[in-house]
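Colleague: My questions are about this predicted structure, shown below with the sequence.
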Amino acid sequence: MLVRLCRGCQPATALVAAFAGPFWGPKQEARVGNRLEGRVAIVTGAGSGIGRASAALFAAEGASVLCTDINEAVMQTAAAINDGGGKAIGVQGDAGDEAQVKAWVERASDELGGLDAVYANAGISGGWSSLEETSVEQFEQILRVNLIGPFLAIKHAAPRMAKQGKGAIVCTASVAGLRANAGGIPYSASKAGVISLVQTTSNVLYGSGVRINAICPGLIETGMTKPIFDMARARGRDDRIGQLNAQARYGNPEEIAAMALFLVSDEGSYVNGQAFAVDGGLSSTHPFLPPRRRAGGHPDEA
Ligand SMILES: NC(=O)c1ccc[n+]([C@@H]2O[C@H](COP(=O)([O-])OP(=O)(O)OC[C@H]3O[C@@H](n4cnc5c(N)ncnc54)[C@H](O)[C@@H]3O)[C@@H](O)[C@H]2O)c1
């Protein structure tokens, strides 16, 4: 089995990395726990990156998972979960389309037997453009996927969960939604909107038993950030990636999936309406120029 060990990963995370990676372990090693035993989950953007790792982790913890993505790669995610002894359905579609989101909720309930958790994670970055070059069409497209998508997931999943008096929804925001300089203008606005969305919707669902939270990832190596990593590696500057946070490294999709699992599981039973940065400390510091450091040395010694 290929174990993708990442710098700073704990052993449990490494095991999940093995499960979520391109090579999946034998069936008996696919399960890592029972925190979602018997539950049904939907994960959007499950064809790549954070969504794929989360779908794999939810399944490894016992959930049946409806995996969705606009990219057909989502079928590979579902197939890999099923091959590994888990249970998943792959559905190709648009997370910003209301009819499709409604259909996913119905399909999860009808074919997988209920709906306990939704991870509204699909997103697009839209790249960087100047204020003058940013068009209304570009802004609308990013808001449609990144903000209206999570809104639709909440709109159609929460009432169903409220009827059973229990359910958890997690949305992927970003550190770009907390403050500037981590994404383009529409992207950052969309992610700030997601943070507000989880606050307002968890409030209007007062007393329903449905919890809604957001995760604000820092720099994570995924399909979305591949150009950044590719460019840095091509220039031999990969040691500079992710150096702006106190852990001095970038993150891995499995480290975001671990937070999503906590939030949708019973371990997060009293956590509601919050946005959690999972960013190695990036958003906790003032901007600074990282000192050059000797191998193993404290920055002050550099
Ligand atoms: N990678 C990072 O550094 C980072 C940081 C902060 C936040 N995020 C957020 O994490 C989430 C997941 O992104 P990722 O980093 O795993 O990137 P990714 O590109 O690997 O995965 C995103 C997935 O969303 C899918 N998608 C895009 N538009 C869609 C649509 N309309 N309907 C359904 N699926 C769609 C893509 O096909 C892709 O598979 C996004 O919301 C992103 O904004 C990522």
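Modeller: Cool, the structure landed. Just so you know, these numbers come straight off a predicted model, no measurement behind them.
Colleague: buried set for stretch 139-150?
Modeller: Of the residues in stretch 139-150, Phe139, Ile142, Leu143, Arg144, Val145, Asn146, Leu147, Ile148, Gly149, Pro150 count as buried by neighbour count, 16 or more other CB atoms under 10 Å. Glycine gets a C-beta too; all of them are placed from N, C-alpha and C.
Colleague: what about stretch 123-139 and the ligand, any contact?
Modeller: Yes - counting by CB under 6 Å from any ligand atom, the ligand is contacted by stretch 123-139 at Gly123, Ile124.
Colleague: who's in contact with that stretch?
Modeller: Taking contacts as CB atoms under 8 Å, 6 or more residues apart in numbering, the residues outside stretch 123-139 that touch it are 45, 141-142, 145-146, 149, 172, 174, 183-187, 189-190, 224.
Colleague: now for these, which pair is the farthest apart?
Modeller: Pairwise distances across those peak at 21.6 Å for Gly45 and Ile185 (criterion: CB to CB).
Colleague: So which of the contacts of stretch 123-139 sit within helices?
Modeller: Among the contacts of stretch 123-139, DSSP state H puts Gln141, Ile142, Gly149, Ile185, Pro186, Tyr187, Ala189, Ser190 in helices.
Colleague: And the second one, what's its pLDDT?
Modeller: Read that as Ile142. As predicted, Ile142 sits at a pLDDT of 98.
Colleague: wait, what's in contact with the spatially closest residue to it that is not a sequence neighbour?
Modeller: Once flanking residues are discounted, Ile142 sits nearest to Pro186: 4.1 Å by CB to CB, 6 or more residues apart in numbering. Counting by CB under 8 Å, 6+ apart, Pro186 makes contact with Gly126, Thr134, Gln138, Phe139, Ile142, Leu143.
Colleague: ok, the closest residue to the first one other than its chain neighbours to the ligand distance?
Modeller: Distance criterion CB to CB, 6+ apart; nearest residue to Gly126, sequence neighbours excluded, is Ile142 at 4.6 Å. When distance is defined by CB to the nearest ligand atom, to the nearest Å, Ile142 is 9 Å away from the ligand.
Colleague: Does Ile142 touch Lys191 like I think?
Modeller: No - at 9.6 Å, Ile142 and Lys191 do not qualify as touching, with contact defined as CB atoms under 8 Å.
Colleague: Can you pull the phi and psi angles for the residue of the stretch 51-200 of the chain found nearest the ligand?
Modeller: Using CB to the nearest ligand atom, the closest approach of the stretch 51-200 of the chain to the ligand is made by Gly123 at 2.2 Å. Backbone torsions of Gly123, given as degrees, to the nearest 10, read phi -160, psi 160.
Colleague: Near Gly167, how many other residues are there?
Modeller: The tally of other residues near Gly167 (other CB atoms under 10 Å) stands at 25.
Colleague: Alright, calling it a day.
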